[in-house]
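**Student:** Show me the folded form of this:
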Amino acid sequence: MAKRLSHVGGRVASPGKGAERALAALAQHLADVRESIACAGTKLESRSFTVRGKAFLFVRSVDARLKLEASRAEAARLSAADPAHYSLGANGWTTIRFSNGYTPDSELAARWVSESYRLMAGPAVPKDHSPGR
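**Tutor:** Below is the predicted model:
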């Protein structure tokens, strides 16, 4: 299920950086998304992706945080089965950790980024809107 990233552009890549780039690319392909830096200069400094002024994804080289609703049960199962890489927090905010070369399954990542985006974008966004469409 999970994929290890080993080469990017002909060189060995940092697994966290590869996962960070992949999730950021998913977010950047969604409509009306703005990227900025959250918590600049602190330990929590992250790339932040927002839609309509609301953050739906925070990404660092070590982890990503996004908000889930429909997939909370799935996130809870993954948190129980693989707590080193997944944790479900308050109000559906879910963390994916990139430790030990871990990269989330690409289909799961695309679904979760899309869900978080839709939650923050509101009802005007089509339900089938997903990264790359």
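
**Student:** Same question for the helix or strand containing residue 21: list its buried residues.
**Tutor:** Using DSSP states H and E, residue 21 maps to helix 15-28. For helix 15-28, the neighbour count (16 or more other Cβ atoms under 10 Å) marks 15, 16, 18, 19, 20, 21, 22, 23, 24, 26, 27 as buried. Bear in mind the C-beta positions are built from the backbone N, C-alpha and C, glycine included.

**Student:** Not counting that helix itself, show me its contacts.
**Tutor:** 4-5, 8, 33, 35, 47, 49, 56-57, 59-62, 64, 96, 98, 100-104, 106, 109-110, 113-114, 117, 131-132 (Cβ atoms under 8 Å, 6 or more residues apart in numbering).

**Student:** need the strands for the protein, in chain order.
**Tutor:** 7-8, 11-12, 33-38, 46-51, 54-59, 63-67, 86-88, 93-97 (DSSP state E).

**Student:** Packed most tightly, which of those would that be?
**Tutor:** strand 63-67 (a mean of 23; mean count of other Cβ atoms under 10 Å).

**Student:** follow-up on the earlier one: with mean pLDDT added, can I get the strands of the chain in TSV?
**Tutor:** Formatted as TSV, the strands of the chain follow (pLDDT from 0 to 100):
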stretch	mean pLDDT
strand 7-8	30
strand 11-12	30
strand 33-38	95
strand 46-51	96
strand 54-59	97
strand 63-67	97
strand 86-88	97
strand 93-97	97
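
**Student:** can you tell which of the ones you listed is closest to residue 121?
**Tutor:** strand 46-51 (4.5 Å; Cβ to Cβ).

**Student:** Kind regards, and thank you for your time.
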